[in-house]
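[1] fold the following and give me the result.
(one chain, ligands or ions: 1)
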Amino acid sequence: MKRRLLCCAVIVAVLAVVTPVTTSFYERAIASAIPAIHTENRTIMPAVAEATAAPVTSSVQALPPVKTRSNLPILMYHEVGDGPNSLFVRDSELNEQMRYLYDNKYTVVSLATAVEMLKNNCIPEKTVALTFDDGYQTFYGKVWPLLQQYGFNATVFVITNKVDAAPFMSWNEIKILADNGVEIGCHTHTHPSLKALDASKLPAEILQSRQYLESNTKTVVQTFCYPSGEYRQEAVDMIRQNGYTAAVTTKYGTASSNNDMYLLPRVRISRGLTLQEFAARIK
Ligand SMILES: [Zn+2]
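    Numbers count the residues shown, from 1 in each chain. Got it, this is the predicted structure:
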């Protein structure tokens, strides 16, 4: 138990330190995470947190302990704008959803960070992860400015052979995102169904596409997204056994510490959700 609590303290402290985001995020992460970790009727003052918070001891001690939970919603988005299908979320909807998360003091993280929280069973009570599939240019043009404005992080899943052609992002844009701490995840090279794909082609889609991403972004790619949510055991095993930390499906649900980290469900955010419906999905 002590070890888990300590992991928890380290995660929230690291989250506050390494996530390259705005001051408001630091303030909110520290305010929500540093003072104490309270789980199952026990409260500890983590050593890392105490060291970080030393100059403001009196005000920190006055804050209430952090409540944690064992699950979190991983939100699934695709395109932003007025498009031909429900994969497009309107600008106004995305704006009000991000504003809602900010106003309601959510901790908004990348999938890689969410996975660390899930594995350690340590999730601040109001936490969501943001994922955007396919690597559309609207992520760079519309989503990223909002992430910067609110101090959020997210994961964008890139299809490597689509890069540099409309409506997808360029390598230059992806590199800028990676340099600024946005998580870049792998969404294969050509977006095939991994359920039906010939076994000889799996390594190119799962492993070589990741190498291609890593060499272009100079970052470590940790997470994977199954195209159209389709997979078979052979593909899952290849992802699990070759250095990825997690993979997401399109199965609807809130991710839990009890889930297989390589078959994580997500909460689809599609066009036309009212703010009340959005709020209900992330509860
Ligand atoms: Zn996709």
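
[2] tell me the mean pLDDT for stretch 159-172?
    Stretch 159-172 shows a mean pLDDT of 98.

[3] my error: substitute stretch 259-269 in the last question.
    98.

[4] ditto for stretch 200-210
    For stretch 200-210, the mean confidence score works out to 98.

[5] what's the answer for stretch 227-240, then?
    On average, stretch 227-240 scores 98.

[6] just give me how far that stretch sits from the chain centre.
    On the basis of C-alpha atoms, centre = their mean, to the nearest Å, stretch 227-240 sits 19 Å off its chain's mean C-alpha point.

[7] next, count neighbours for Phe152.
    Neighbour count for Phe152, taken as other C-beta atoms under 10 Å: 26. All C-beta atoms are positioned from the backbone trio N, CA, C, and that covers glycine.

[8] could you measure from it over to Leu94?
    Noted for Phe152: a distance of 12 Å to Leu94, by C-beta to C-beta, to the nearest Å.

[9] between those two, what contacts are shared?
    Taking C-beta atoms under 8 Å, 6 or more residues apart in numbering as the criterion, Phe152 and Leu94 both touch Leu146.

[10] so which bits of this structure are right by the ion?
    133-134, 227 (C-beta under 5 Å from the ion).

[11] name the member of those with the most neighbours.
    Asp133 (27 neighbours).

[12] that one: which element?
    strand 127-134 (DSSP states H and E).

[13] after that strand comes which helix or strand?
    In N-to-C order, the element after strand 127-134 by DSSP H and E is helix 137-138.

[14] quick one, what contacts the closest residue to the ion within the stretch 151-283 of the chain?
    Across the stretch 151-283 of the chain, the shortest distance to the ion (C-beta to the ion) belongs to Pro227, at 5.0 Å. If you count contacts by C-beta under 8 Å, 6+ apart, Pro227 has them with 159, 187-188, 191-194.

[15] re the thing from before, quick one: mean pLDDT over the strand holding Asp133.
    pLDDT averaged over strand 127-134 gives 98.

[16] may I have that strand exported as CSV, CA atoms only?
    Below are the C-alpha coordinates for strand 127-134, written out as CSV (Å, rounded to 0.1, in the frame of the first residue of the first chain):
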residue,chain,number,x,y,z
THR,A,127,-9.1,13.4,-14.7
VAL,A,128,-9.6,12.8,-18.4
ALA,A,129,-7.2,11.9,-21.2
LEU,A,130,-7.6,13.4,-24.7
THR,A,131,-6.9,11.4,-27.9
PHE,A,132,-7.3,12.5,-31.5
ASP,A,133,-7.1,9.9,-34.2
ASP,A,134,-5.5,10.1,-37.7
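
[17] check the offset of it from the chain's centre.
    In terms of C-alpha atoms, centre = their mean, the centre of strand 127-134 is found 5 Å from the chain centre.

[18] can you pull out the helices in the stretch 51-200 of the chain?
    57-62, 91-103, 111-119, 137-138, 144-150, 171-179 (DSSP state H, counting those that start in this stretch).

[19] which parts of the third one count as buried, going by neighbours?
    When neighbours are counted by 16 or more other C-beta atoms under 10 Å, the buried residues of helix 111-119 are found to be 111-118.

[20] just the closest of the residues you listed to the ion, please.
    Closest to the ion out of those is Leu111 (14.4 Å), distances taken as C-beta to the ion.

[21] and the chain, what are its domains?
    Per the record, the chain has its domains at 2-67, 71-281, by automatic domain parsing.

[22] looking at those, which is buried most?
    domain 71-281 (a mean of 19; mean count of other C-beta atoms under 10 Å).

[23] what's Glu277 sitting at in phi/psi?
    When read as degrees, to the nearest 10, the backbone of Glu277 gives phi -70, psi -40.

[24] before I go, just wanted to say thanks for your time.
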